[in-house]
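A.B. asks: build me a model from this:
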Amino acid sequence: MESTESTNQLVNNGSPSQSDADASDAMTTTSSTREKTVLLFGKTKSGKSATGNSILGRKCFKVSLTPHSTTTCKSEGCRRGDMALKIVDTPDVTESKKASARQEVTKWYQETEDGIDALLLVHKLGVRFTDQHESLLGTMEKIFRKEIYRYTIAVLTHGDQLKAAMEEEGFTLQEHLSSESSGLTTLMEKVDNRYVVFNNRYEDEDENNKQVQDLLKLIDELSEKTQGPYKHDVGNLLSKLRITASQARGGFSRCCSFVRSIFTRCFTCSPLSRSRFVRCASVLIGMVAVLSVSGCAFMISYFL
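C.D. replies: Purely as a prediction, here's the structure:
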């Protein structure tokens, strides 16, 4: 198999809506210069951390042969050409307990508060995309809503093993992706057939840079198509909380002043009026307490 043919198969920018030349002309300096946030998502041992290291060009994320080598999200920044990147590595929350998974997802929201330019759904080639993997898609939809697929690129890792199998058995990448044995047809449909094949074992820096540049070009084209990053609801809420927190403190202070004035008046009036004030004050204080507890419970349930 010719190397040129293999290279062309390793990147697919999805179903084109216009010619490649038009897409290239449409790119603007703004989309390239603004820092892009890229979130790595996938099953344990799919190669998320190794992929992050390949993009960064250095070893920042821990890669281990042991299960659950990534236990919490971590972000690192880099610049590739004129593109500034923030790479967020994440653990597989489908294998975590519910409480710890919720806490972890909250960290993701905080790390991607400004939005997600691309979600890289990492999958190891040679591993069948089973029902267990499809449950990962359900988790992704639950966390980010189905809209996130518009920002998703499938990163198929262990490309070196695929290349060897293709040469030995004589099949093409497209035949593998559409075969029933791979189970990848559902994934390809959801991400509009956007994918790259990655080899995270390249020792040649030039070879690694080439595959990274192919991915970054796909991310840039995706940003042009989506006209801005994916904004999740909690990210918007977190930014609003900075404003509303000061307003809440001011409201609480006014509430305390109001209750203080009631008690002051209560102890400076006649015994009969005093008993009425006490009853009214008790009702008001009870209402304030109920509203405060309800508000706190709502915020806790929202984040957890």
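A.B. asks: and residue 60, how far from residue 202?
C.D. replies: The gap separating residue 60 from residue 202 is 17 Å, by Cβ to Cβ, to the nearest Å. The way it works is simple: take the backbone N, C-alpha and C, and place the C-beta from them, glycine included.
A.B. asks: same deal with residue 168?
C.D. replies: Residue 168 sits 20 Å away from residue 202, taking Cβ to Cβ as the criterion.
A.B. asks: so which of the two has more stuff around it?
C.D. replies: residue 202 (17 against 8; other Cβ atoms under 10 Å).
A.B. asks: domain-wise, how is this protein divided?
C.D. replies: The chain breaks down into these domains under automatic domain parsing: 3-229, 235-303.
A.B. asks: rank these by mean pLDDT and give me the bottom one.
C.D. replies: When these are compared on average pLDDT, domain 235-303 comes out lowest at a mean of 57.
A.B. asks: wasn't residue 140 part of a helix?
C.D. replies: Yes - membership of residue 140 in a helix is supported by DSSP: H, G, I helix; E, B strand; the rest coil.
A.B. asks: tell me who's in contact with it.
C.D. replies: 41, 119, 121, 148 (Cβ atoms under 8 Å, 6 or more residues apart in numbering).
A.B. asks: so the first one, which state does it fall into?
C.D. replies: Same thing as residue 41. strand.
A.B. asks: that one contacts residue 123, correct?
C.D. replies: No - if you go by Cβ atoms under 8 Å, residue 41 and residue 123 don't touch, sitting 10.1 Å apart.
A.B. asks: helices along this structure, start to end?
C.D. replies: Using DSSP state H, the helices of the chain run over residues 3-9, 20-26, 29-33, 48-56, 98-111, 131-144, 159-169, 173-178, 185-190, 205-226, 233-266, 271-303.
A.B. asks: save the contacts of residue 140 as TSV, and put in distance to residue 51 and neighbour count too.
C.D. replies: Compiled in TSV, the contacts of residue 140 are given as follows (distance: Cβ to Cβ, whole Å; neighbours: other Cβ atoms under 10 Å):
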residue	distance to residue 51	neighbour count
41	11	26
119	12	26
121	11	27
148	18	19
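A.B. asks: from the residues you listed, pick the one nearest residue 79.
C.D. replies: residue 119 (20.8 Å; Cβ to Cβ).
A.B. asks: spit out the contact partners of the closest one.
C.D. replies: 38-39, 41, 140, 144, 148, 151-153, 230.
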